[in-house]
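Asks: A predicted structure for the sequence below; I have some questions about it.
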There are 4 protein chains.
Amino acid sequence: MQTPIDASLIELENSSHRQNLAEDYASLGIRLARRNINIDQIKKQVATFNVAIPTWGVATGGTRFARFPNPGDPRDLYEKLEDCAVVQQLGQSTPTLSPHFPWDDVSDYNELRERANAYGLSFDAVNSNTFADQHGQLSYKYGSLTHTNSAVRSQAVQHNLECIEKGIQLGSKALTVWIGDGSNFPGQQDFTASLERYLESMRKIYARLPDDWQLFIEHKLYEPAFYATVIQDWGSNYLCAQELGNKAKCLVDLGHHAPTVNIEMIVARLIHFEKLAGFHFNDSKYGDDDLDSGSIQPFQLFLIFNELVAAELRNQPGFSPSYMLDQSHNVTDPIESLMNSAGNLRKAYCQALLVDRSRLASAQNDNDVLLAHNTLKQAFETDVEPIVASARLDFGGAIDPIETFRASGYRSRKAKARPQQLASGSGIV
Amino acid sequence: MQTPIDASLIELENSSHRQNLAEDYASLGIRLARRNINIDQIKKQVATFNVAIPTWGVATGGTRFARFPNPGDPRDLYEKLEDCAVVQQLGQSTPTLSPHFPWDDVSDYNELRERANAYGLSFDAVNSNTFADQHGQLSYKYGSLTHTNSAVRSQAVQHNLECIEKGIQLGSKALTVWIGDGSNFPGQQDFTASLERYLESMRKIYARLPDDWQLFIEHKLYEPAFYATVIQDWGSNYLCAQELGNKAKCLVDLGHHAPTVNIEMIVARLIHFEKLAGFHFNDSKYGDDDLDSGSIQPFQLFLIFNELVAAELRNQPGFSPSYMLDQSHNVTDPIESLMNSAGNLRKAYCQALLVDRSRLASAQNDNDVLLAHNTLKQAFETDVEPIVASARLDFGGAIDPIETFRASGYRSRKAKARPQQLASGSGIV
Amino acid sequence: MQTPIDASLIELENSSHRQNLAEDYASLGIRLARRNINIDQIKKQVATFNVAIPTWGVATGGTRFARFPNPGDPRDLYEKLEDCAVVQQLGQSTPTLSPHFPWDDVSDYNELRERANAYGLSFDAVNSNTFADQHGQLSYKYGSLTHTNSAVRSQAVQHNLECIEKGIQLGSKALTVWIGDGSNFPGQQDFTASLERYLESMRKIYARLPDDWQLFIEHKLYEPAFYATVIQDWGSNYLCAQELGNKAKCLVDLGHHAPTVNIEMIVARLIHFEKLAGFHFNDSKYGDDDLDSGSIQPFQLFLIFNELVAAELRNQPGFSPSYMLDQSHNVTDPIESLMNSAGNLRKAYCQALLVDRSRLASAQNDNDVLLAHNTLKQAFETDVEPIVASARLDFGGAIDPIETFRASGYRSRKAKARPQQLASGSGIV
Amino acid sequence: MQTPIDASLIELENSSHRQNLAEDYASLGIRLARRNINIDQIKKQVATFNVAIPTWGVATGGTRFARFPNPGDPRDLYEKLEDCAVVQQLGQSTPTLSPHFPWDDVSDYNELRERANAYGLSFDAVNSNTFADQHGQLSYKYGSLTHTNSAVRSQAVQHNLECIEKGIQLGSKALTVWIGDGSNFPGQQDFTASLERYLESMRKIYARLPDDWQLFIEHKLYEPAFYATVIQDWGSNYLCAQELGNKAKCLVDLGHHAPTVNIEMIVARLIHFEKLAGFHFNDSKYGDDDLDSGSIQPFQLFLIFNELVAAELRNQPGFSPSYMLDQSHNVTDPIESLMNSAGNLRKAYCQALLVDRSRLASAQNDNDVLLAHNTLKQAFETDVEPIVASARLDFGGAIDPIETFRASGYRSRKAKARPQQLASGSGIV
């Protein structure tokens, strides 16, 4: 297997942390044992949690105002592959990629798959893009799958069918469809007719889905449409998934909801009604801020994982969510942010595994509110870094991925090897 | 028919406005004729729009901090009836009442129905109350239809069944169920088990619904539960209505959504999927503020009516919503607020009737965004008071209900006739 | 004076509306006379309300996802000038431009001023831009006026000083400073040190302001910074304006506040404490959506103008706000949107002038809440289009600017005369 | 000193945890020592953090819909005193009370003070109440300190002066003024005149403040006023505090802001401009939910304490905030919630003390965003319960206050000793 970072460097870096980690793991093990928890079993479970990297996530992101590229940003998909391999090598929790077309168009998808495999990487859900024009095509300015012009809708459907074809070659098993279709002005769009057109288009896509594929529908309250969005919330998402059939499910992007909405409850509802596709993980304070997972509302992230673990434990029918990151790394090194975010997800998962479910259920049943709450808080407040780091170490990753990455000099090497065009900082206002 | 306000007073007040109204109606008629709109037909349609008064709405409302009663506030249901009769007599758009049990419990429901009929009033949907304890009962502190204790659930189900019985005697055709059940702390409640218990309880109520009745489910994001509410949004509401059957539909209270949510779109979705029960009308800026309809966001109210009129015009299957006011009149005279609010609803309905639907559809189809938008704005900006006032006048109401009410001296007479207990201003903090 | 649209075309278009307008103006005059309002005086006042066009507003805007240019979009500042001249010629309420540097950099500012004057246009506040990198400079990735590196701060200060120099040549009298400086992660920035650096930089700019100039500070809650913004709200804005001195004032962009915030109250406070600089007008439902003024929350717009008119009438010391549009026209023709928006502002101003202030004050004093409220609503519900259209007509503008613009064929002529580079629809995600 | 809980019981309960706590404290000490932190010093600092209990917080709270009292709820101020003494005895971080008048009116304030002292309790800021009527007075229905009627304003001023008098007898050093004054309808209130009246009233109160007293002004976005509140945000609060003088400062209640607002930044600004009075601590998801501190957004609480510790460390002039809880315990035992919340505050304070400030400053200066962020996260993710529990133990408190309280049987004893009137569950809707 190709490894972009020298294994001996990882070993060297790990050696300086190994002893402390062992001590911390041991003392945490003692504390958990008091709660009748076997730390080694928890570690093993944690090691099974993986999250896909979005291929667009390894390049520096931006806003409508500006984008400030990093030196060493990948310039094509193959350079992106290499960066993803770094994330996986050090963090050991991101063995899959979620590609986005046409951004990730290549001439030979088998070759792409092989080159990814060589890094130990494979492909998760593919994403279509009908929210921006491709040169020489009918414009998506006024919509794609819901456009009033059937020729535009056909083009958008066709693009999605091609995404499926590419995905088949890559070994993917799902298509994620997010459209920005909507309106900026009251009156611009007929809400009902738009949704009818959406369903008509989606039925054509659904009809061509291989038997072992799923169709992930992603809702979003606003942006780029600023008055109304066709698939605006989980309610509309659910209705559409239900209309389409069993292979259609609802994808939750944590940043796509109205302020103050209880997202963990939406997750619980989708699990309950067997329609949770999975997640685009990120964090946010205001809108679809696409910040690093766990950086703003870590307790909310834990509460979401609390629902996931509960569903897992009760063998909830139809429960098999896909996990993907979807972040915009505007001010950090994308490789560092991806490793850190994947680590935060594992921490949240680990904490959720630590919840004393029997005490929780009993307190809930007795309406012993404070005890029920503190049962969750006890798990959340546990510092699980020793477990998460050990899970990385067990599989050859870095105890401290950020520090190791920095020590590797990878980014500065790439800054030289990948000379960039001048910064495009003008943006759109 | 009993009329609490002397008809000659109304006539006297109207006489001072009659000439101006005729002129304004005529000049508006000319302007509308240019748009190929027959003002008389619009007026007739407007006169068909009625909204139910909530019996609790004629007494002064309050907040958790305090309640400041008005002199002359009704002290029992029969005094409330009389006040409702004033609202209907002057405004001529509120011929029905929506009662709330046990607040409106009486010993003889046939007598109540007759006394209402004597005022020309009848009964719309009945409302159950399981969000506050009734003395001597099992407590709803930790829930009602979703309580972990089956005895509490049974009591809550039983209360709803009794509401149906009372409603049958009153001539109602629907039961509205809003529960405050939810949680204040993460962990307090199992989201999934709570919803299962809710469905179990609701199925028992649904099973006892007469054939020609409907069950209206009301969702609310928060309050009194401040972390999570069992029926928190239209998505959960829809899922439950679907589980229960065709007679179950989703009621929209305008103040029960997250900030920035597009409510007219939710209305369109519920119409589209044949699950719109109707409305609890009010207005709000922050949360469930229960302010007077049309007082804060009149354009939003128009946009909602725009969806209703569009559904009416396309003969949308299953479209037959119920309209109720649900406001808390804390700083105004409730009778004045109710008349004013009902008038605002008719204005919004009237404006929606004025929309040039053919131009709108064509502009939408051509993605002529500004023209589509301005087509709505033209209707919204039309001053339709002459139509709404004439519709009242045609049926014996007041051209200016507020002014006429004040001239009648009704409130000051009641202030004497209904001596009150001392103000209860202590509130709950 | 140069007029991009043939005056005879305007006359032709107006001729088809002239008679109806006269009738509508007359009948409205009669209704207003009943309220003791002289319609001609109102019209004259309305005609004094003007709003500056942002030079960036005549080109199609976009989002971080994509930009979909219009055929005929202006390709340089001189083409923008011509488009602005169209807006002013037809709408007669936008005689000034608000330029943005370096976007509007030209080699000869005197020539620019003369060419604008030839169209009857002059220059309002100039805007600096330190939220995007200019090629070959120190990067603003981590801030500009607040950057931790003093060299970057100096560069940003210098840019602002150059903006003042350019503004002087153009005849401007104010500099508007909006910075995106802030942070995406808790911990990224020291809140206090950042503000100290901001003040240090701003003092240098303030010190070089000509005596008859003002410094407009613009706050914004978020975007492009998604965790914290240095000048995040009117409170921080006020503190800074106060620190700097009398020439510094607070600019309100309607889209830059938290959800549910009462913006008209903020306006009232800034007027009260003599720090209101003026406005960037637009409308929004979610965040800084930059939609057309009056398209989403027309009642809120009226309430803001209600505060402005009240301040005007009481001769509030220091009250002399600047009015600018700041919209992103993503799905409409920018010229049409600008004309329409300027018209909406005049409507709101006109309605605010119609408020019966004596009745309002008396009702407020008596806590006659409903009467006070309905006094505002009566003014808001008045269809003032006849006044606003007549005010345009009196000065040679179009009764129906949109229709006249479309009849002129201007856009299709420009689509030919201004061939564009291929659409850049890739966006930033 | 009077101790409501038998010290031997506490000792017994502690004995079962003492060994584990010692081990956990030791192993945490080792981990902290690696970060060059002396755990004992941290523990000492943590022990200095105290928060006042609001006297109204020991009785069960409610909403406008209902209040569900607990058996054993205190029935008068002296019973409240006893409950507060329990909170302090077990938690050892709440030695002061914040009383609220007229709720806490007694006939002899010296006696009250002595009885509190006997429990080891003293008095923090006193709170006035002009948001609810007191029998037989001029009504506050339309305002208090801002009422249009000067007689009502005088009454409200007089009440505040009496609060000062009572506070002097109790040993308080500050008056907290929160008013609900505002409006429910656009037009109801003149924003500017209202604020002028507020300032006029407050100047009279300020003038009578003893030299060593402070005046704490509390802002709130909405509720009970649902359109506009006179002191709606920190901006208006600051302006008023500045107008009044140095003794006037701005109190931050965590639940009183608009959705998504960055509260830690507001705290930083108030510290920066030397106007932070202190806090009313609680937590919330939607509005002024008054939930337990740290139960919903623990990371936000930490970030606020991060600002407080930073100010402490830089010896910020004028920095001396007061800390008070202000929660509504609707579904928990108030004594348990208060102990738990005070513990959560100490945890947040402790974590903020653990921040590696030198590394943070250096990362901030270098724009090493991820490192700066992770420096905060490392501190936040530290499980500091062993420190906080040890700090309690050192002063005679309980290692596990909730468990010890339950073991004491206090509540069930009080349920018998304090028979209650029937539940008042009717509420206000």
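Replies: Thanks, I have the structure now. Residues are numbered from 1 along each chain as shown, chains lettered A, B, ... in the order given.
Asks: Now the residue nearest to residue A:147 when sequence neighbours are not counted: which helix or strand?
Replies: Once flanking residues are discounted, residue A:147 sits nearest to residue A:153: 5.2 Å by Cβ to Cβ, 6 or more residues apart in numbering or on different chains. In short, each C-beta sits where N, CA and C put it, glycine included. Assigned by DSSP states H and E, residue A:153 falls within helix A:150-170.
Asks: quick revisit: could you report the distance from the residue nearest to residue A:147 to residue A:160?
Replies: 11 Å (Cβ to Cβ, to the nearest Å).
Asks: Does residue A:137 touch residue A:156 like I think?
Replies: No - with contact defined as Cβ atoms under 8 Å, residue A:137 does not reach residue A:156; the gap is 9.7 Å.
Asks: Does anything pack onto the helix holding residue A:153? Which helices or strands?
Replies: With contacts taken as 3 or more Cβ pairs under 8 Å, 6 or more residues apart in numbering or on different chains; DSSP states H and E, helix A:150-170 sits against helix A:109-118, strand A:126-127, strand A:174-177, helix A:191-207.
Asks: Next, the angle from that helix to helix A:191-207.
Replies: 30 degrees (axes from the mean of the first three to the mean of the last three Cα atoms, to 10 degrees).
Asks: is chain D contacted by the biggest helix by length in chain A?
Replies: Looking across chain A with DSSP state H, the single longest helix is helix A:7-34. Yes - residues of helix A:7-34 contacting chain D under Cβ under 8 Å from any Cβ of the partner chain: A:20, A:23, A:24, A:27, A:30, A:31, A:34.
Asks: Quick one, which of these are buried?
Replies: A:24, A:27, A:31 (16 or more other Cβ atoms under 10 Å in any protein chain shown).
Asks: mind checking pLDDT for the second one?
Replies: Meaning residue A:27. Residue A:27 is assigned 97 on the pLDDT scale.
Asks: how about it, what does it touch?
Replies: residue D:27 (Cβ atoms under 8 Å, 6 or more residues apart in numbering or on different chains).
Asks: Also the one 10 residues further on?
Replies: By Cβ under 8 Å, 6+ apart, the residues touching residue A:37 are residue A:354.
Asks: Can you list the low-confidence ranges for chain A?
Replies: A:421-429 (pLDDT under 70).
Asks: what's the closest non-adjacent residue to residue A:54?
Replies: residue A:98 (4.9 Å).
Asks: Any idea how many residues pack against that neighbour?
Replies: For residue A:98, the neighbour count with other Cβ atoms under 10 Å in any protein chain shown is 26.
Asks: Wait, it touches residue A:176, no?
Replies: Yes - using Cβ under 8 Å, residue A:98 makes contact with residue A:176 at a distance of 7.5 Å.
Asks: Now do the shared contacts for the two.
Replies: A:125, A:126, A:127, A:324.
Asks: Can I get these in JSON lines including neighbour count and distance to residue A:316?
Replies: Listed next are these as JSON lines, based on neighbours: other Cβ atoms under 10 Å in any protein chain shown; distance: Cβ to Cβ, whole Å:
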{"residue": "A:125", "neighbour count": "27", "distance to residue A:316": "21"}
{"residue": "A:126", "neighbour count": "27", "distance to residue A:316": "26"}
{"residue": "A:127", "neighbour count": "27", "distance to residue A:316": "26"}
{"residue": "A:324", "neighbour count": "26", "distance to residue A:316": "20"}
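Asks: Now for the residues you listed: which two are most distant?
Replies: A:126 and A:324 (11.1 Å; Cβ to Cβ).
Asks: which of residue A:153 and residue A:160 has more neighbours?
Replies: When residue A:153 and residue A:160 are compared for neighbours, residue A:160 comes out ahead with 27 against 22, by other Cβ under 10 Å.
Asks: Check the spacing between residue A:163 and residue C:126 real quick.
Replies: The value you get for residue A:163 to residue C:126, if Cβ to Cβ is used, is 47 Å.
Asks: what's the neighbour count on residue A:165?
Replies: 14.
Asks: how far away is it from residue A:130?
Replies: 16 Å.
Asks: Same check on residue A:331?
Replies: In terms of Cβ to Cβ, residue A:331 sits 29 Å off from residue A:130.
Asks: and what of residue A:91?
Replies: Distance from residue A:91 to residue A:130, by Cβ to Cβ: 32 Å.
Asks: Looking at residue A:137 and residue A:156, which is more packed in?
Replies: The residue with more neighbours, out of residue A:137 and residue A:156, is residue A:156; 28 against 14, by other Cβ under 10 Å.
Asks: For the spatially closest residue to the more buried one that is not a sequence neighbour, which residues are in contact?
Replies: Using Cβ to Cβ, 6+ apart and skipping residues adjacent in sequence, the residue nearest residue A:156 is residue A:144, 3.9 Å away. By Cβ under 8 Å, 6+ apart, the contact set of residue A:144 is A:130, A:131, A:152, A:153, A:155, A:156, A:179, A:180, A:181.
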